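Trainee: Could you work out the structure for the sequence below:
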Amino acid sequence: MTPAQTADTPRTARREVETPASRIEITSPANESTIAMGPGNFTVSARAEPPLTGRETVVLFVDGQPLGAGQTTLSWFVEGAPRGPHDLVVQRIAGSGETVAISQPVRVYVLRPSIIGR
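Mentor: As a prediction, this is how the structure comes out:
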């Protein structure tokens with residue numbers, strides 16, 4: 001005890017506030033999905049826990065390249081993806097620009113009609 005404290009002086013306990021870890025995950029399409037024959041268009045959806053707040057944004061990466069700028073909605077429309085496998089990843093970005101979470105990668109396979117043999 002310090003000289004200013006007495007046995008009756010309440011001690012202030014430090015309380016640590018637990019902040020849940022930020023997470024992001026791709027909910028659709030499922031990993032190893034096949035995008036049916038067509039023009040290579042599909043929708044990607046994600047879920048953020050806890051929900052996005054303030055100035056947080058998310059960015060979808062297709063094969064390591066961002067699909068547009070950061071946005072606050074958790075859905076993207078991918079248009080004209082070429083035939084073959086593609087890896088999808090979503091990054092959660094704080095208002096400061098710091099990446100706070102990265103989703104597990106999801107691989108999709110795009111089937112497109114071929115003009116070979118016609």
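Trainee: Nearest residue to Glu32 in space, please, no chain neighbours.
Mentor: Nearest residue to Glu32, sequence neighbours excluded (C-beta to C-beta, 6 or more residues apart in numbering): Arg107, at 5.9 Å. For every residue, glycine as well, the C-beta is placed using N, CA and C.
Trainee: Please apply the same query to Arg23.
Mentor: Using C-beta to C-beta, 6+ apart and skipping the chain neighbours, the partner closest in space to Arg23 is Glu49 (4.6 Å).
Trainee: Ok, Gly38 next?
Mentor: Using C-beta to C-beta, 6+ apart and skipping the chain neighbours, the partner closest in space to Gly38 is Arg112 (7.1 Å).
Trainee: Spatially central residue in the chain, please.
Mentor: With distances taken as C-alpha atoms, centre = their mean, Val90 lies nearest the centre of the chain, 3.4 Å away.
Trainee: is it true that that residue touches Thr27?
Mentor: No: judged on C-beta atoms under 8 Å, Val90 makes no contact with Thr27 at a distance of 10.0 Å.
Trainee: hey, what's in contact with both of those two?
Mentor: Ala46 (C-beta atoms under 8 Å, 6 or more residues apart in numbering).
Trainee: Pull the contacting residues for the residue nearest to Glu32.
Mentor: Applying C-beta under 8 Å, 6+ apart to Arg107 gives the contacts 31-32, 85-88.
Trainee: how about the strands in the protein?
Mentor: Along the chain, counting by DSSP state E, strands occupy 23-28, 33-35, 42-49, 57-62, 65-66, 75-78, 84-93, 99-102, 106-110.
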